[in-house]
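Asks: With the input below, show me the fold.
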Amino acid sequence: MSCEYEVWPLLTVSEAADRLRLKPETAHRWLRSDKLRGISLASDAGWRMRESEVRRFAGGRQPWGRERAYRVTVNRNATAAT
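Replies: Numbers count the residues shown, from 1 in each chain. So this is what the prediction gives:
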């Protein structure tokens, strides 16, 4: 049995801040206050944001290309090597 998932590329705080022309500290503050939407991974892993969220926040006026999802197929019948 296999399943297909869409995986969206995620940006780090530094990448998002660079595209929004902000300091990373400002992006962190906006993430914590929910002004900018993102995912907090773990305390030492930081935040991640979808490129579409950064684009939405910027009003859609950013010069980089369209965000694309990548399809990933996972085979659930595969056995793990021991």
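Asks: Could you list the low-pLDDT ranges of this structure?
Replies: Across the chain, the ranges flagged by pLDDT under 70 are 1-2, 5, 60-82.
Asks: What segments of it are helices?
Replies: Ranges of helices in the chain, per DSSP state H, are 13-20, 24-32, 51-57.
Asks: quick one: contacts for the closest residue to residue 39 other than its chain neighbours?
Replies: Excluding the flanking residues, the one nearest residue 39 by Cβ to Cβ, 6 or more residues apart in numbering is residue 48, at 5.1 Å. Yep, even glycine has a C-beta here, placed from its N, CA and C like the rest. Contact analysis of residue 48 by Cβ atoms under 8 Å, 6 or more residues apart in numbering lists 10-12, 38-39, 41.
Asks: and what of residue 57?
Replies: 20, 36-37.
Asks: Now do the strands in this structure.
Replies: In the chain, the strands defined using DSSP state E lie at 2-7, 10-12, 39-40, 47-50, 70-75.
Asks: Strand partners (parallel or antiparallel) of the third one?
Replies: Partner strands and pairing direction for strand 39-40 (DSSP bridges) are strand 47-50 (antiparallel).
Asks: coming back round to it: any chance of the contacts of residue 57 in CSV, with neighbour count too?
Replies: Formatted as CSV, these follow (neighbours: other Cβ atoms under 10 Å):
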residue, neighbour count
20, 18
36, 23
37, 13
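Asks: With respect to residue 58, which of those is nearest?
Replies: residue 20 (5.9 Å; Cβ to Cβ).
Asks: Against residue 7, how distant is the closest one?
Replies: 23 Å (Cβ to Cβ, to the nearest Å).
Asks: now residue 32
Replies: For residue 32, the distance to residue 7 - Cβ to Cβ - is 26 Å.
Asks: who has more neighbours, the two?
Replies: Between residue 32 and residue 7, counted using other Cβ atoms under 10 Å, the more crowded position is residue 32 (12 against 9).
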